[in-house]
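*Asks:* whatever this is, show me its structure:
(2 chains)
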Amino acid sequence: MNNSRLRLFGLIRKEFIQIRRDPSSLGIAFAMPVFLLLLFGYGVSLDARHVPVGLVLEKVSPEARSFSAAFEHSDYFAAVHFADMRLAQQALDARKINAIIRLRSNFSRQLYNQQSAPIQVIVDGVDANTARLISSYIQGSWDKWLTHFSAQRGISVSRPIILEPRIWYNSALRSRNFLVPGLIAVIMTLIGALLTAMVVSREWERGTMEALIATPVSVREILLGKLIPYYLLGMGGMVLSIAMAVFLFQVPLLGSLWVLLVTGTLFMFVTLGMGLVISIAAKNQFVAGQIAILVTFLPAFILSGFIFDIHSMPPAIQSITYLIAARYFVAILQTVFLAGNVWGIIIPNALALLLMAVIFFALALRRMPRRLE
Amino acid sequence: MWVRIYALLIKEFLNLLKDKKSRFVLIGPPIFQLLVFGYAATYDLNQVPIAIYNEDASIASRDLIARFNGAPAFKEVLRITHHEQIAPTLDNKEALLIVHIGPHFSRDLLSAHRPAQLQILLDGRDSNTAQIALGYVQSVLSDFNLNWAQQHNLPLPPAKLEIRAWFNPNLESRWFIVPGIVGLLTLVVTVIVTALSVAKEREQGTFDQLLVTPLSPLEILIGKAIPSFIIGVIEASFIISMTVFWFQVPLVGSLVPLYIGIVLFVFAVIGIGLMISSLAVTQQQGLLGAFLFIVPAVILSGYATPIANMPTLVQDLTLINPLRYFLIILRGVFLEGLSSRQLFDQYWPMAILGILSLSAAGGLFRRRMY
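*Replies:* I've put the predicted structure just below:
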């Protein structure tokens, strides 16, 4: 037992010396999360502000002006006036504006005629998500204007039901608050897998793995000797990311830090284990690196629920998301940051991570060749 | 010169395709990713779990609930009966939103004085999904309102909105996302193939062998660029045909403006890949370099989140991202049917990026060589 510990210690020491002499692993563990989080944190936002919209008032009446003022003074829009529909359409085609709002020349007359004056709105639908957000912003502005206008002119507006939305956890609907915690999961998936996938396949490629196998160390010790140093590096990167989320991006952290660290540890085990399995299967850096990138970054980005809602995916795809470790960690991170320690979310997801970690290690242990070829 | 390059081309293709695993990496994952991401990457809500808390047993409230259940965006998973159930339902994400109909709902609805209130409690953790869901709720509600007003002869509102979406009338986000995947996968495959090509030879020591052949540095550069170019264009063509035939995204425009875009995009991406490759000494560095380019290129391209939402400084940074231009071309040709003349402003930046990065790669190549 003592010998085993000594051997393990030796392996870990060897790994740290290697990390120090070839700092590319340090780069992966520390420089990459900082760089990626900065980039994502500032680059990824779903909050549309100052959306350029074109206003076409075919006849400038006081009513039309009061309507267009609602858009000119809104933070959501940057209103641009166009003399006619043709010019506005050209601007829409050139992507200079995202929507056109047109008041026909008989707008004021119809307003007082109980005819429900139509307001034509054209939205550029190429980006469907943005188009939908813009239409609901327009709807909101129109609604506010309508209430104000009718109250002023003493017109009775019948609205049988009014909507009273209450938004929990992220009441300002600031997209950064959910994107940044999700990004930590996406980034750490990548880093964990890259760390082990590359270093182990490098040993295979350079033949040093054979040298290791020829020493008295056991397969388990080799795996642990790889895992422990890179776990420490990975957790360093994780803590750095959490600190950046809280202090730089001002995401409120309602839950406790230790929950994040414990679940983060589980998550690191899964990604490092995944990297180990990849490297054992591939045995060369080209293939290992390719697989690591293919199975981590894009799946974590698209299938983790970090940006695309999992419930809305087709059932077959939903079942694939259960294989994505980031899915569980995204749920934990978003909840711990924005809602607090909700055990109903944390415990099942943490158990799923634990299960995945165990499976990956069992696979790595089984698949790791014990003899020289 | 061409004979020598031709010989190098054959060697490169053999190198890439003779290893079963490397071959698989070029073909398998892109198909799989296209299929999975094409279905997964959507902002449209579909069967989102909702809970209903109805404190007003009336025909009107039941009619409203039926409308929520009839909307394909929602699926009722829970009927709440006590106030205490609200918090755990949202906390544990059992439902994205709770429709709360208060006890005075039908009384207020039938009275002329005040409107009835419908409370919607939303999980805002994912603020984008929350906002989209709210939009769906709003449309369920305006349908109800219109219907109610007509049935009870209430005056119509003085003005109404008629919203139409151009180029994508049903606002299907798949039409926007899937053409984007063409750019995404072409980028990933092309960059990785080029970025690792030189680093691999250097690490394995075969680069020295190349250097003692009569090939000039320029010829080696060309010999490394052409295979990646061919692979990139084939990959893009394959994914485009999947987009059209499998995902049924309408291809409104013609193939000529699309292929001008593909050629220029692959050209620019290869320049960047070779630049990374000539800087890297080991494959690990090459891969890391590829990554440090691919990830920001995807994030800052407008693929998943609009460029217009980014801070001005970051928006300026996207100008050196070839994927940004290629995505506009893809979506422009697919959905709007833009012609090559209209896309000229997207073509020339990619051409310049390609020329700059290839010359930089050439310079670095020469320096590293001797």
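
*Asks:* going forward, measure contacts between C-alpha atoms and count neighbours the same way
*Replies:* Fine.

*Asks:* spell out which parts of the stretch 151-300 of chain B neighbour chain A.
*Replies:* B:154-169, B:171-173, B:175-176, B:192, B:196, B:200, B:283-285, B:287-288, B:295-296, B:299-300 (CA under 8 Å from any CA of the partner chain).

*Asks:* can you turn the buried part of these into a PyMOL selection?
*Replies:* Only the buried entries of those go into this PyMOL selection, using 16 or more other CA atoms under 10 Å in any protein chain shown:
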select buried, chain B and resi 154+155+156+157+158+159+160+161+163+164+165+166+167+168+171+172+173+175+176+192+196+200+283+284+285+287+288+295+296+299+300
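
*Asks:* mind checking which of the residues of the stretch 151-300 of chain B next to chain A land in helices?
*Replies:* Applying DSSP state H to these, the entries found in helices are B:173, B:175-176, B:192, B:196, B:200, B:283-285, B:287-288, B:295-296, B:299.

*Asks:* apart from its chain neighbours, what residue comes closest to residue 161?
*Replies:* Went with chain A since none was named. Spatial nearest neighbour of A:Ile161, excluding adjacent residues (CA to CA, 6 or more residues apart in numbering or on different chains): B:Ala116 at 4.7 Å.

*Asks:* sorry, should have said chain B
*Replies:* That would be A:Ile119: by CA to CA, 6+ apart, it lies 4.9 Å from B:Leu161.

*Asks:* now B:Ile5
*Replies:* Counting by CA to CA, 6+ apart, B:Gly223 is the residue found nearest to B:Ile5 once chain neighbours are left out, at 5.5 Å.

*Asks:* pLDDT averaged over whichever strand or helix holds that neighbour, what's the number?
*Replies:* In the assignment (DSSP states H and E), B:Gly223 maps to helix B:217-245. Mean pLDDT, helix B:217-245: 89.

*Asks:* ok, back up a step: so the residue nearest to B:Leu161 touches B:Pro158, yeah?
*Replies:* No: assessed by CA atoms under 8 Å, A:Ile119 is found out of contact with B:Pro158, at 10.6 Å.

*Asks:* now the closest residue to A:Val200 other than its chain neighbours. Its backbone dihedrals?
*Replies:* Leaving aside its chain neighbours, A:Val200 sits nearest to A:Ser279 (5.9 Å; criterion: CA to CA, 6+ apart). Main-chain dihedrals, A:Ser279, degrees, to the nearest 10: phi -70, psi -30.

*Asks:* repeat that for the one 4 residues further on.
*Replies:* A:Lys283 has phi and psi values of phi 60, psi 0 when expressed as degrees, to the nearest 10.

*Asks:* do you know the pLDDT at it?
*Replies:* Listed pLDDT for A:Lys283 reads 71.

*Asks:* what's near enough to touch the nearest residue to it once chain neighbours are set aside?
*Replies:* What sits nearest to A:Lys283 in space, not counting adjacent residues and going by CA to CA, 6+ apart, is A:Ser201, at 4.8 Å. By CA atoms under 8 Å, 6 or more residues apart in numbering or on different chains, the contact list for A:Ser201 reads A:279-280, A:282-285, A:288.
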